[in-house]
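Visitor: Here is the input, now give the coordinates:
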Amino acid sequence: MSFSVISKSKNAVDIVFSENKMIVFLEDGRELAVPLEWFPRLRKATKEQLKKWRFIGKGEGIHWEEIDEDVSIENLLK
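Guide: Purely as a prediction, here's the structure:
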C-alpha cells in the first residue's frame with residue numbers, strides 16, 4: 001500500500017548552508033537540501049554574502065541583494 005500527503009504549503013521559513021548545500025525549511029516541516037552547484041552565484045559567494053538573504057513575499061522565494069540572486073521555492077519543489 002502506498003499513499004502520498006498533499007501539502008499546499010510551499011513557503012520557506014528558514015534556510016541554512018552547509019559546505020556544498022543550501023537547506024531550505026518549509027512551513028509544513030519539509031526540508032530541501034539543494035546543491036550549491038545548481039546556483040553558480042551562490043556557489044561563488046562568501047559565507048558572509050550567503051547570510052545576507054531575505055524572503056520574497058511570505059517565503060515564496062529567497063533573495064540575495066548583494067549577489068543579485070533569486071530562488072523560487074516552487075521551482076525547487078519541481
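Visitor: Point out where the chain drops to low pLDDT.
Guide: 1-8 (pLDDT under 70).
Visitor: 90 instead?
Guide: Low-confidence segments of the chain, defined by pLDDT under 90: 1-10, 78.
Visitor: For it, which segments count as strands?
Guide: Counting by DSSP state E, the chain has strands at residues 12-17, 21-26, 31-35, 54-56, 61-64, 69-72.
Visitor: can you redo the ones you listed as TSV with mean neighbour count and distance to Thr46?
Guide: No exception for glycine: its C-beta is placed from N, CA and C like everyone else's. Below are the strands of the chain laid out as TSV (neighbours: other Cβ atoms under 10 Å; distance: least, Cβ to Cβ, whole Å):
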stretch	mean neighbour count	distance to Thr46
strand 12-17	16	11
strand 21-26	18	14
strand 31-35	13	18
strand 54-56	13	17
strand 61-64	18	11
strand 69-72	16	13
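Visitor: who's in contact with the closest residue in space to Val34 that isn't next to it in sequence?
Guide: Using Cβ to Cβ, 6 or more residues apart in numbering and skipping residues adjacent in sequence, the residue nearest Val34 is Met22, 4.9 Å away. By Cβ atoms under 8 Å, 6 or more residues apart in numbering, the residues touching Met22 are 15-16, 33-34, 36, 39, 42, 71.
Visitor: Now the spatially most central residue of the chain. Nearest residue, chain neighbours left out?
Guide: Residue closest to the mean C-alpha point of the chain, counted by Cα atoms, centre = their mean, is Val24 at 4.3 Å. The shortest distance from Val24 to any non-neighbouring residue, by Cβ to Cβ, 6+ apart, is to Leu32 (4.4 Å).
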